[in-house]
Structures are given as structure tokens and as C-alpha cells.
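**Q** Fold the stuff below for me.
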Amino acid sequence: MTSLVQYVLIRGDLARSLKWPSGAVIAQACHACVAVTHTYYSDPDTQAYLRDLGNMHKVVLEVPDEPALLSVVEALNQDEVPHVVWKEQPENIATCVAIKPSVKGAVSKYVKKFKLYGV
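**A** This next block holds a predicted model:
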């Protein structure tokens, strides 16, 4: 079976300059992961990813700020890469993006410039 990975991109400025608590930042990623799984539940890659729960592979990456996050979203939209942008409400602030579980090589060009997220 081909290895599937789910990329999650979180804004680093939420914790650093905006001083969000780490739990609030982690919650954003959790919301995005659930939303993308629900949205693309019937997708064959999502189903394969869910069938192998013990071997789920997620990569959580840090983007600097909202403009950088939205730049990735624009590229994903342009190439029709399935993803979900999570927005904190009621402020409507984009905080996180989760990409549907995919073959690593299929989405690496969108995320390779980012480092692992570190609080």
C-alpha cells in the first residue's frame, strides 16, 4: 500500500506574537483535521488512511502568519488540492489548513518550504 500523509499547517504567530495559549493553537489543528476528514470522508485516500488507524502519519508544519497561510491556500485552490481552511469564529481568522490525506509526493511542493511546528 502507498504511504499516505496528512499535512497540517498552523500559523506560528498565533503562539509567538499573538500569545495564544498552546491548547488553543492545538485545538485549531484538531478542528481542521476533523473538518477535512469529514469533508472528504468518501475519498479513497481518506478511507485508506482511516482503515489503518495505527499507522496514521501527520506532519504538522509552521507557517509564519496569516498572509503566508493564505498564500498556500491560494496555491492549493488553484491546483484543486482538497483541503480545509480552519477559521476561528466569530473573528473569521484563518488559523490552520489541513490537507486531505494524500500520497506524500502529490502535495509536498506546497509544504516543503515549511519547518515542523514548534511551540
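**Q** And Tyr49, how far from Ala94?
**A** For Tyr49, the distance to Ala94 equals 24 Å [CB to CB, to the nearest Å]. Any C-beta I mention is one placed from the backbone N, CA and C, and that applies to glycine too.
**Q** do Val60 as well
**A** Where Ala94 is concerned, Val60 sits at a distance of 16 Å (CB to CB).
**Q** cool, Leu76 as well?
**A** Distance, Leu76 to Ala94, using CB to CB: 12 Å.
**Q** out of these two, which sits in the more crowded spot?
**A** Using other CB atoms under 10 Å, the more surrounded residue of Leu76 and Ala94 is Leu76, with 19 against 16.
**Q** before we move on, which element is that one in?
**A** Per DSSP states H and E, Leu76 falls inside helix 66-78.
**Q** Tell me how far stretch 58-77 lies from the chain's centre.
**A** In terms of CA atoms, centre = their mean, to the nearest Å, the centre of stretch 58-77 is found 8 Å from the chain centre.
**Q** Oops, could you answer that again for stretch 45-57 instead?
**A** Chain-centre distance of stretch 45-57: 16 Å, with CA atoms, centre = their mean.
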